[in-house]
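Q: Everything below, folded, please.
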Amino acid sequence: MPTCIEGQNFRMSTSTFSAAHSQASTLYLPPGSWQTVIDCLCEHFSAIGREQWLDRVARGRVLDGHGMPIAVDLPYKEGLRIHYFREVPDEKPIPVVESILYADEHLVVADKPHFLPVTPAGEYVEQTLLRRLIRRLDNPHLVPLHRIDRHTAGLVLFSANPQSRSAYQSLFPTRQIEKRYEAIAAALPELAFPLVHKSRLIDGEPFFRMQEVPGVSNTETAVEVREKNGDLWRYALYPVTGKKHQLRVHMTALGASICNDPFYPQVLKNVEDDYANPLKLLAQGLRFVDPVTGQERVFESTITLQW
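A: As a prediction, the model looks like this:
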């Protein structure tokens, strides 16, 4: 079945509709006294105007539980399953190009440039690594096996086959995959390397930041120095755990925030993406035993962090 992408007409196959296959979001209508599904959607998603919902319905972008476009006057019913497609008006193109380093029937390995989100969120839907790969490979079953920040570049693994997905997903919580990052940050001549930094990370302020607090550690990173260049050093980072912003917070805690970080040590307000000066953090290497083939897999990013 063809992928349902923004700007394309929706087409049904004779098979059972799959929201995941079509990259659709799902809503079970909540309790209420609305007359129509449109009335419910307008109140439930108050940031989206009625005219926008009517336009989506007219273009076949709101579907019933069977994957068929709904009528504009479809009566409301509590618990009714509705599928819809997220849209961002005038979504801004992100002028970077991802690379596919490896692809087979089970696994896809992509090299993500800086500033490209991995999955749809906020103001990004089509301009994400996931949506781009779905279109390039014509495989709506792609699912990222892990995430890296939008500001970070480097390797991202995707499951290409639902049948083998759980085998690859289990690599991460069981720590059967070795991850190596590279970062450029201020020199730390007062510290003895290699070292291991452990700390307790919790959600910080603002909501998108993380912070270290006293308590039992829930994060761990090994740090080595790879190259020295005056006041800047190139570090190899080996995260044992995989908390949000872990490497960025740990380097800040050591006294060397990663170069060009807009969130740490302080949030830089109203900063536009600077493609000439990205965050100097790269998901550089992955090593693991393939749970399907039993072969050792080693992948290296082709991206280089410039001084």
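Q: And the strands in the stretch 201-307 of the chain, which stretches?
A: For the stretch 201-307 of the chain, strands defined by DSSP state E, counting those that start in this stretch occupy the ranges 210-213, 219-229, 232-239, 281-289, 296-300.
Q: just so I know, which of those strands lies nearest Glu78?
A: Of all those, strand 210-213 sits nearest to Glu78, with 38.8 Å by Cβ to Cβ. The way it works is simple: take the backbone N, C-alpha and C, and place the C-beta from them, glycine included.
Q: Sheet partners, orientation included, of the closest one?
A: strand 195-203 (antiparallel) (DSSP bridges).
Q: Could I get the buried residue list for the strand it pairs with?
A: For strand 195-203, the neighbour count (16 or more other Cβ atoms under 10 Å) marks His197, Ser199, Leu201 as buried.
Q: same question, stretch 34-44
A: By 16+ other Cβ under 10 Å, the buried positions in stretch 34-44 come out as Trp34, Val37, Ile38, Asp39, Cys40, Leu41, Cys42.
Q: what's next to it, contact-wise?
A: Residues outside stretch 34-44 that contact it (Cβ atoms under 8 Å, 6 or more residues apart in numbering): 27, 29-30, 32, 48-50, 53-54, 57, 62, 70, 72-76, 80, 82, 84.
Q: Quick one: mark the members of those residues that sit in helices.
A: Arg50, Trp53, Leu54, Val57 (DSSP state H).
Q: Distance check, the last one against Asp64.
A: Noted for Val57: a distance of 11 Å to Asp64, by Cβ to Cβ, to the nearest Å.
Q: what do the two both touch?
A: Both Val57 and Asp64 are in contact with Ile70, where contact means Cβ under 8 Å, 6+ apart.
Q: Give me the pLDDT value at Glu123.
A: Note on Glu123: pLDDT of 78.
Q: For it, grab the count of nearby residues.
A: Per other Cβ atoms under 10 Å, the neighbour tally for Glu123 reads 12.
Q: list the contacts for Leu268?
A: Applying Cβ under 8 Å, 6+ apart, the residues near Leu268 are Pro262.
Q: what sits against the most centrally placed residue in the chain?
A: By Cα atoms, centre = their mean, the chain has its centre lying nearest to Val118, at 3.2 Å. If you count contacts by Cβ under 8 Å, 6+ apart, Val118 has them with Lys112, Thr128, Leu129, Leu130, Pro144, Arg147, Ile148, Arg150, Val156.
Q: circling back to that earlier point, would you turn the buried residues of strand 195-203 into JSON lines with distance to Glu178 and pLDDT?
A: Formatted as JSON lines, these follow (distance: Cβ to Cβ, whole Å; pLDDT from 0 to 100):
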{"residue": "His197", "distance to Glu178": "18", "pLDDT": "98"}
{"residue": "Ser199", "distance to Glu178": "21", "pLDDT": "97"}
{"residue": "Leu201", "distance to Glu178": "21", "pLDDT": "97"}
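Q: Among those residues, which one sits closest to Gln246?
A: Closest to Gln246, out of all of these and judged by Cβ to Cβ, is Leu201, at 6.5 Å.
Q: Dump the helix or strand hosting Ile38 to CSV, restricted to CA.
A: Following DSSP states H and E, one finds Ile38 within helix 37-44. Extracted in CSV, the C-alpha atoms of helix 37-44 (Å, rounded to 0.1, in the frame of the first residue of the first chain):
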residue,chain,number,x,y,z
VAL,A,37,-17.2,14.5,14.6
ILE,A,38,-16.0,17.9,13.2
ASP,A,39,-17.5,19.6,16.2
CYS,A,40,-15.6,17.3,18.5
LEU,A,41,-12.3,17.7,16.7
CYS,A,42,-12.6,21.5,16.7
GLU,A,43,-13.0,21.6,20.5
HIS,A,44,-10.5,18.8,21.2
